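J.: I'll drop the sequence and a predicted model, then ask my questions.
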Number of protein chains: 2
Amino acid sequence: MSKKPPSPKSERILDVAEELFALHGYDGVTLRQIASGAGVDVALANYHFGKKLDLFQAVFDRRAAELNNARLEALRAAQAQAGPEGPPLEEIIAAFLTPLDDAQRGGDSGWTNYLALVAYINNSPYWAPKMMSSLFDKLVAEFIKALKIALPQGRDEDIYWCYQNLSGALTLALAKTGRIDKLSGGKCVSADIGAAFERMIPFTAAGFRRVCAGD
Amino acid sequence: MSKKPPSPKSERILDVAEELFALHGYDGVTLRQIASGAGVDVALANYHFGKKLDLFQAVFDRRAAELNNARLEALRAAQAQAGPEGPPLEEIIAAFLTPLDDAQRGGDSGWTNYLALVAYINNSPYWAPKMMSSLFDKLVAEFIKALKIALPQGRDEDIYWCYQNLSGALTLALAKTGRIDKLSGGKCVSADIGAAFERMIPFTAAGFRRVCAGD
DNA sequence: CAGCATATTCAACATTTGTTGAATAATCAA
DNA sequence: TTGATTATTCAACAAATGTTGAATATGCTG
């Protein structure tokens, strides 16, 4: 485990930046808003992280590796438990999703903000190509490989398109826009990622099978 | 020298604003960038549309009614063709999606930008509650009603959660981030909405059935 | 033509923005 | 204690931003 100073102000800067970037996007947040929210002078963000863009990248990087590891471990665990034919579809998808729910349940509200930020980046035609590839491509490739084994008759294009459907459903869930709350008259709460995943896993698994296996 | 739609400069302002807002978001675009792209002075945007926020709203409103009508008509057409038990699931979803593809195929690249802008708004925790509800809630309620008829055993929460999965998959497709292009090594092109919908319809239909009908 | 409304540009404003260099405070080893 | 390194604030800069009022152009109607 990495050990870091308990609460230097640089961490508070990252926390506040994380929250504000997730809500308003990169250009919708000023360094002074971040500094003010962190109870810190404007120049301090620059001292610790350099330019605004570097701060944005630092926020993104801070939790990326840990998130990646958790998801990869979940996939490896499912694979270790399965036979040589690989884990079933539902377990692959669950390994893709549940680490995100676990992170949010950990009590650290920073993870909630971080995942909303990832949703913002992943849905942005400007940011997604620049930021998502560097750290997530390898992980996604691993999941795609596992999906191909679970769906041996699936054509590559179909699997990738289905993966995009899964990614989109996940992205909107992480964004937590509150829209489903209103549409459903309160029956659904967009902050309840567990409830969302409870449906997302069978939903997308059935979708994969229908498109890639003809079921 | 003359391929010009007889468009006054106010339309060009909307066109450029549409494109830039879709790519960079509300705060990522300056009025001077819009004016410059439209070959127009900065003050003209203010003269025609008022404040920046009003311009943003004007861009959103310009095509909203037409889009809504096309989707509602598609649903009504499916209902008219079906018996009293209502149209099957796939046709409801197709009515929800295909008008968007038709709009993009119309040759007007403005529709492509507009739908990417809707994707940006729909995925934003800040904008979605303010802008999506006003114009889309009634339409969504109509589709939900049709879905409930097609899935009579489905519980309300399940149907709403499934709808969110559909909405998320659609949103990411409309954002056209280009990410699937790279992941798939060129086998999928995110600009090809037709190809995306070809999979999205059976994918989400199977998902609805699995979650809401126990199939 | 004249007159008038609309459309468009020009010039400028008060703020806000990201950024930086110097000054001050805190931390810590010797 | 020193002294040096790190952390933080202060003050200010040039550039960019949204916005506005006045000036000019354009088009239309009589």
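T.: Cool, the structure landed.

J.: What mean pLDDT does stretch A:163-182 get?
T.: Across stretch A:163-182, pLDDT averages out at 98.

J.: what about A:Phe197, how many neighbours?
T.: 21 (other CB atoms under 10 Å in any protein chain shown). Just so you know, the C-beta spots here come from the backbone N, C-alpha and C atoms, and that holds for glycine as well.

J.: which secondary structure elements does the strand or helix carrying it contact?
T.: A:Phe197 belongs to helix A:193-212 when elements are defined using DSSP states H and E. Helix A:193-212 is packed against helix A:89-105, helix A:156-175, helix B:156-175, helix B:193-213, with contacts defined by 3 or more CB pairs under 8 Å, 6 or more residues apart in numbering or on different chains; DSSP states H and E.

J.: Rebuild these as CSV, extending it with distance to DNA strand D.
T.: As requested, the helices and strands packed on helix A:193-212 are exported to CSV (distance: least, CB to the nearest atom of the strand, whole Å):
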stretch, distance to DNA strand D
helix A:89-105, 26
helix A:156-175, 24
helix B:156-175, 22
helix B:193-213, 30
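
J.: Which among these is found nearest to DNA strand C?
T.: helix A:156-175 (22.2 Å; CB to the nearest atom of the strand).

J.: For the residue in chain A that DNA strand D sits nearest to, pull up the helix or strand it's in.
T.: Residue nearest to DNA strand D within chain A: A:Ala43 (3.1 Å; CB to the nearest atom of the strand). Taking DSSP H and E as the definition, A:Ala43 sits inside helix A:42-49.

J.: same deal with A:Ile149?
T.: Assigned by DSSP H and E, A:Ile149 belongs to helix A:128-150.

J.: between that helix and helix A:156-175, how many degrees?
T.: Angle, helix A:128-150 to helix A:156-175, by axes from the mean of the first three to the mean of the last three CA atoms, to 10 degrees: 120 degrees.

J.: Which neighbouring elements make contact with helix A:128-150?
T.: Helix A:128-150 sits against helix A:52-81, helix A:89-105, helix A:109-122, helix A:156-175, helix B:179-183, with contacts defined as 3+ CB pairs under 8 Å, 6+ apart.

J.: Mean neighbour count, the ones you listed: which tops it?
T.: Highest mean neighbour count among the helices and strands packed on helix A:128-150 (mean count of other CB atoms under 10 Å in any protein chain shown): helix A:156-175, with a mean of 24.

J.: Stretch A:86-93 and chain B, are they touching?
T.: No: using CB under 8 Å from any CB of the partner chain, stretch A:86-93 stays clear of chain B, coming no nearer than 10.5 Å.

J.: Then stretch A:164-178?
T.: Yes: contact of stretch A:164-178 with chain B (CB under 8 Å from any CB) involves A:164-173, A:175-178.

J.: Write out the residues of chain A neighbouring DNA strand D.
T.: Contacts of chain A with DNA strand D, taken as CB under 7 Å from any atom of the strand, map to A:Pro8, A:Lys9, A:Ser10, A:Gly39, A:Val40, A:Asp41, A:Val42, A:Ala43, A:Leu44, A:Tyr47, A:His48.

J.: Buried residues in the helix or strand containing A:Phe21, which are they?
T.: Element membership of A:Phe21, judged by DSSP H and E, is helix A:9-24. Using 16 or more other CB atoms under 10 Å in any protein chain shown as the test for burial, helix A:9-24 gives A:10-24.
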